[in-house]
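Novice: Mind looking at a prediction? Sequence and model below.
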Amino acid sequence: MKASRPQQVRLIGGTWRGSKLPVPDRAGLRPTPDRVRETLFNWLGQQLTGWRVLDAFAGSGALGFEAASRGATAVTLLEQDAPSVAGLQACAQRLGATPVAVQRADALAWMRRATPDSFELVLLDPPFDAGLAAPALAAGAPLVTPGGWLYLEAGSEHAAPAGFAAHRHLKAGAVHAHLFQRDRP
């Protein structure tokens, strides 16, 4: 039996534009489609120079690597699956992605322990069927700096958490992409 070639996603902008990331064959892993990523980074502006970014539930790492490719100074990828973590580390090494730090962690537990106001952008893309969207929003919201951004991909529409305004929403197939902005004091 011939082995099939692994799925890949392509980075769509920045330094590593056109680079491909492998997508592991894991239950619940659903990389953010190119069209949705392109829309998100259009909403945010093409350059994220100097931003600190958290990509919780990293999976393929497409969102976090895209942020690093567009100038983010520090990108933390959280992933619980050990083989996926090894794959993300290999991608970071291959790309020379020095701003990217990969951590094997339960994203919810990690976010609940993290320092508040630490990131200009928090990316949340939990498995749709795990019921994690609302807990992820609750855990991720305190980590966003005032005026910063909280992004959620989910299987249904969600309201902005307290202290945030809904900035944009997109429905593409089964994906609801939400971008919330934290209020400034």
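Specialist: Good, I have the coordinates.

Novice: Could you use CA atoms for every contact and neighbour count after this?
Specialist: Fine.

Novice: Check what contacts the longest helix seen in the chain and list those residues.
Specialist: For the chain, the longest helix by residue count, based on DSSP state H, is helix 82-95. The contact list for helix 82-95, computed with Cα atoms under 8 Å, 6 or more residues apart in numbering, reads 16, 21-22, 24, 59-61, 79, 98, 100, 102-104.

Novice: If we use 10 Å, what do you get?
Specialist: The contact list for helix 82-95 (Cα atoms under 10 Å, 6 or more residues apart in numbering) reads 15-16, 19-26, 58-62, 65, 69, 77-79, 96-105.

Novice: chain center to whichever helix or strand comes after it: distance?
Specialist: With elements assigned by DSSP states H and E, the helix or strand that comes after helix 82-95 is strand 100-104. On the basis of Cα atoms, centre = their mean, to the nearest Å, strand 100-104 sits 12 Å off its chain's mean C-alpha point.

Novice: What strands line up against strand 100-104, and which way round?
Specialist: strand 74-79 (parallel) (DSSP bridges).

Novice: and the partner strand with helix 82-95, angle?
Specialist: On the basis of axes from the mean of the first three to the mean of the last three Cα atoms, to 10 degrees, strand 74-79 is oriented at 150 degrees to helix 82-95.
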